[in-house]
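Chemist: Here is the input, now give the coordinates:
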Amino acid sequence: FFEAARDVWRAAQPSADHFVDAFEKHGFSCRVDVAAYPAVIDREVWLGMMRNRFWSTFAGFSDGELAAGVAEVAAAHPPGPTAFEE
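Modeler: Below is the predicted model of the structure:
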């Protein structure tokens with residue numbers, strides 16, 4: 001994600017406590033374990049997915065804002081596979 005998209009995504013994500021509270025309210029016992037997993041995607045595939053607004057995170061951006069965000073990601077990652085932890 002580009003920085004503005006990360007901000008939109010964070011604002012839309014309920015905390016883990018939200019889900020724990022909901023489960024416990026309905027009689028379930030639960031815990032949260034956060035784990036990162038490796039992911040790899042070709043940079044051009046990812047840029048194309050963003051341009052096509054594949055995720056609702058991108059829906060509110062104007063065409064210009066989205067193009068600037070795509071350029072931000074392109075500048076930050078060299079062509080080819082991009083590896084990260086999700």
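Chemist: List the buried residues of stretch 40-52.
Modeler: For stretch 40-52, the neighbour count (16 or more other CB atoms under 10 Å) marks 43, 46-47, 50 as buried. Using the backbone N, CA and C atoms, a C-beta is placed for each residue, glycine as well.
Chemist: any idea which of the residues you listed is the one closest to Ala36?
Modeler: Proximity of the buried residues of stretch 40-52 to Ala36 (CB to CB) peaks at Trp46, which lies at 18.1 Å.
Chemist: In contact with the nearest residue to that closest one once chain neighbours are set aside, which residues?
Modeler: With sequence-adjacent residues excluded and distances taken as CB to CB, 6 or more residues apart in numbering, Trp46 is closest to Thr82, at 6.5 Å. Residues near Thr82 by CB atoms under 8 Å, 6 or more residues apart in numbering: 40-43, 46.
Chemist: and if you look at Arg31?
Modeler: Going by CB under 8 Å, 6+ apart, Arg31 touches Val20.
Chemist: same question, Gly69
Modeler: 1-5, 50, 58, 61.
Chemist: That one: helix or strand, and which one exactly?
Modeler: In this structure, Gly69 is located in helix 63-76 according to DSSP states H and E.
Chemist: got the buried residues for that helix?
Modeler: For helix 63-76, burial by neighbour count (16+ other CB under 10 Å) applies to 66, 69-70, 73-74.
Chemist: next helix or strand past it?
Modeler: Where DSSP H and E defines the elements, the next helix or strand beyond helix 63-76 is strand 81-85.
Chemist: For that next one, C-alpha coordinates in PDB please.
Modeler: Provided in PDB are the C-alpha atoms of strand 81-85 (Å, rounded to 0.1, in the frame of the first residue of the first chain):
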ATOM      1  CA  PRO A  81       9.100 -10.000  -7.200                       C
ATOM      2  CA  THR A  82       8.300  -8.000  -4.000                       C
ATOM      3  CA  ALA A  83       8.500  -9.900  -0.800                       C
ATOM      4  CA  PHE A  84       6.900  -8.700   2.500                       C
ATOM      5  CA  GLU A  85       5.300 -10.000   5.600                       C
END
